[in-house]
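Colleague: could you work out the structure for the sequence below:
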Amino acid sequence: MNSMHAAALVAAMSVMTILTRFLPFIVFRKNTPRYITYLGKVLPPAIIGMLVIYCLKDVSILSKPFGIPELIAAICVVGLQVWKRNSLISILTGTVVYMVMVQMVFG
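Modeller: A predicted model of the protein is given here:
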């Protein structure tokens with residue numbers, strides 16, 4: 001694959017990504033249907049919940065380290081989210097805490 005082909009692929013993907021982001025604003029200029037507004041309110045927490053379940057599904061509380069790193073990281077995320085109300089800070093800090101726990105403390 002030459003550089004022109006790669007640039008064309010990146011450009012096409014960028015245009016399609018931008019189009020999918022702006023298409024709802026173009027289609028629903030004045031009146032947004034109620035179900036779209038409803039989905040906009042309920043889907044983000046549902047997706048976060050699914051991600052939490054997916055991340056914790058393989059944690060074994062019956063073998064060492066008994067899920068302690070995951071529990072500590074989750075407490076950090078929840079505590080920071082309640083305190084700071086900033087998802088980026090909460091998730092990044094929780095990830096760093098988990099990685100430190102797994103690599104240095106329980107490794």
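
Colleague: what's the longest helix in the chain?
Modeller: The longest helix of the chain (DSSP state H) is helix 3-27.

Colleague: quick check: which element contains the residue nearest in space to the middle of the chain?
Modeller: What sits nearest the mean C-alpha location of the chain, by C-alpha atoms, centre = their mean, is Ile48, with 6.6 Å. Using DSSP states H and E, the element containing Ile48 is helix 34-56.

Colleague: which outside residues touch the helix or strand that that helix is followed by?
Modeller: Scanning forward in sequence from helix 34-56 by DSSP H and E, the next helix or strand is helix 68-84. By C-beta atoms under 8 Å, 6 or more residues apart in numbering, the surrounding residues in contact with helix 68-84 are 52, 55-56, 59, 86-87, 89-91, 93-95, 97-98, 101-102, 105-106. Bear in mind the C-beta positions are built from the backbone N, C-alpha and C, glycine included.

Colleague: with that, I have no additional questions.
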